[in-house]
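**Student:** model the structure of this input:
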Amino acid sequence: MVNIQNIKRNFLLTYLHALLLFCGLFSMPLQAQEKGVFWKISGPELEKPSYLFGTIHLICEQDFKLSEEVAEKLKYADALVLEVDMDDPALALSMLSRMQNEDGESITDYLSEEEYKVIRQMLIERTGMDLDMLKTMRPFILMTLIYPNLLECETKSYEHELMKVAKAEEMDILGLESIDDQLSIFDRIPLDEQYRSFYEYAENLDRGRQEFRKLINTYLEEDIALLVKMVSESPEYRAYQDILLDKRNHNWIAPMQELMKGSTVFFAVGAGHLGGENGLLNLLRKEGYTLTRMGNGKKLSEKR
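**Tutor:** Next comes the predicted model:
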């Protein structure tokens with residue numbers, strides 16, 4: 001039986017993982033090889049500063065780093081704002097209603113009989129997941145079901161931990177976009193390409209595990225320029241950069257500006273949204289804000 005809570009918990013990882021591992025970007029100019037995942041946002045029109053924290057949505061427990069500085073700034077914020085409001089009770093229901101392909105398409109419509117047979121058997125052996133029971137599941141849902149097998153460790157979610165702090169402080173938890181906005185992203189990418197990417201990862205979980213480890217290490221180094229470089233070398237899904245990242249980043253600027261008026265807001269989004277010409281850091285600077293790196297230049301991988 002599909003565990004809806006696991007799908008809900010891992011949902012945002014779908015986007016960062018898709019972005020960094022199989023949704024490659026065009027090469028783009030970088031902002032002076034910038035590093036840093038925690039930033040203060042200030043400006044002449046802001047009464048109080050706000051903060052922007054880049055996350056990785058799922059990480060091994062031993063790699064999880066949440067500095068006292070991050071926790072302290074969050075405690076004194078007026079609101080925690082994520083990509084979507086993960087505290088919304090309607091979230092799981094919305095996802096459940098969109099788990100199946102709308103027109104009944106099946107994974108067997110896009111893979112050869114031999115390809116399907118190979119990954120079905122492999123996934124039964126490695127994950128206990130039988131594709132025969134999930135043939136009409138959308139590809140990104142299938143991906144969320146195999147993510148835990150890429151880590152082979154006890155995991156933590158930055159969003160989950162930040163929400164625990166926010167709830168303890170009884171602050172508002174909001175989202176920059178709706179769950180339907182996020183789910184609709186995949187409506188614009190052909191199913192054959194999505195299923196092909198799923199097949200390639202399911203066929204070689206060991207390779208996916210190595211790539212995920214590299215992603216985690218890069219995140220812990222706070223090297224957002226390298227994150228962009230990593231994905232710029234990937235040949236897959238380049239045509240969808242604007243859908244997966246650029247347009248979303250641009251769409252978030254206006255609500256971020258509105259939320260920061262007269263309030264201290266703690267924004268937490270996937271670290272892949274920070275860097276690059278169309279990243280949030282550059283877009284906010286273009287709007288006249290000052291972005292100051294927090295943490296005295298120390299990386300998450302270092303002792304603070």
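**Student:** just confirm residue 287 contacts residue 253, I think it does.
**Tutor:** Yes: shown here, residue 287 and residue 253 form a contact pair, counting by Cβ atoms under 8 Å, at 6.5 Å. Placement of C-beta: from N, CA and C, glycine included.
**Student:** out of the two, which sits in the busier spot?
**Tutor:** residue 253 (16 against 12; other Cβ atoms under 10 Å).
**Student:** confirm that one sits in a helix?
**Tutor:** Yes: secondary structure of residue 253, determined by DSSP: H, G, I helix; E, B strand; the rest coil: located in a helix.
**Student:** wait, what's in contact with it?
**Tutor:** 280, 283-284, 287 (Cβ atoms under 8 Å, 6 or more residues apart in numbering).
**Student:** work out for me the element residue 153 sits within.
**Tutor:** For residue 153, there is no helix or strand it lies in under DSSP states H and E.
**Student:** contacting residues for it?
**Tutor:** 60-62.
**Student:** could you identify which of those residues has the most neighbours?
**Tutor:** residue 60 leads the contacts of residue 153 on contacts (other Cβ under 10 Å) with 15 neighbours.
**Student:** off-centre distance for stretch 197-206?
**Tutor:** Taking Cα atoms, centre = their mean, to the nearest Å, one finds the center of stretch 197-206 at 19 Å from the center of the full chain.
**Student:** how about that stretch: buried residues?
**Tutor:** 197-199, 201-202, 205 (16 or more other Cβ atoms under 10 Å).
**Student:** re the thing from before, now, the contacts of residue 153 that are in strands?
**Tutor:** Judged by DSSP state E, the subset of these located in strands is residue 60.
**Student:** among the contacts of residue 153, which one sits closest to residue 168?
**Tutor:** residue 61 (20.1 Å; Cβ to Cβ).
**Student:** that closest one touches residue 154, doesn't it?
**Tutor:** Yes: using Cβ under 8 Å, residue 61 is in contact with residue 154, at 4.4 Å.
**Student:** wait, is residue 192 part of a helix?
**Tutor:** Yes: Residue 192 forms part of a helix when assessed by three-state DSSP.
**Student:** pretty sure it is touching residue 110, no?
**Tutor:** Yes: taking contacts as Cβ under 8 Å, residue 192 lies within contact range of residue 110: 4.9 Å.
**Student:** which of these two has more neighbours?
**Tutor:** residue 110 (19 against 13).
**Student:** the more buried one - nearest residue in space that isn't next to it in sequence?
**Tutor:** The shortest distance from residue 110 to any residue other than its chain neighbours is 4.1 Å, reached at residue 195 (Cβ to Cβ, 6 or more residues apart in numbering).
**Student:** now do residue 162
**Tutor:** Of all residues not flanking residue 162 in the chain, residue 268 sits nearest, at 5.4 Å (Cβ to Cβ, 6+ apart).
**Student:** that neighbour is in what secondary structure piece?
**Tutor:** Per DSSP H and E: strand 265-270 holds residue 268.
**Student:** helices or strands up against that strand?
**Tutor:** Under the contact criterion of 3 or more Cβ pairs under 8 Å, 6 or more residues apart in numbering; DSSP states H and E, strand 265-270 touches helix 4-17, strand 50-55, strand 79-82, helix 158-168, helix 247-260.
**Student:** now with 7 Å, please.
**Tutor:** Counting contacts by 3 or more Cβ pairs under 7 Å, 6 or more residues apart in numbering; DSSP states H and E, strand 265-270 is packed against helix 4-17, strand 50-55, strand 79-82, helix 158-168.
**Student:** so residue 220 versus residue 300, what's the distance?
**Tutor:** According to Cβ to Cβ, to the nearest Å, residue 220 and residue 300 sit 5 Å apart.
**Student:** list residues touching both of these two?
**Tutor:** Both residue 220 and residue 300 are in contact with residue 65, where contact means Cβ atoms under 7 Å, 6 or more residues apart in numbering.
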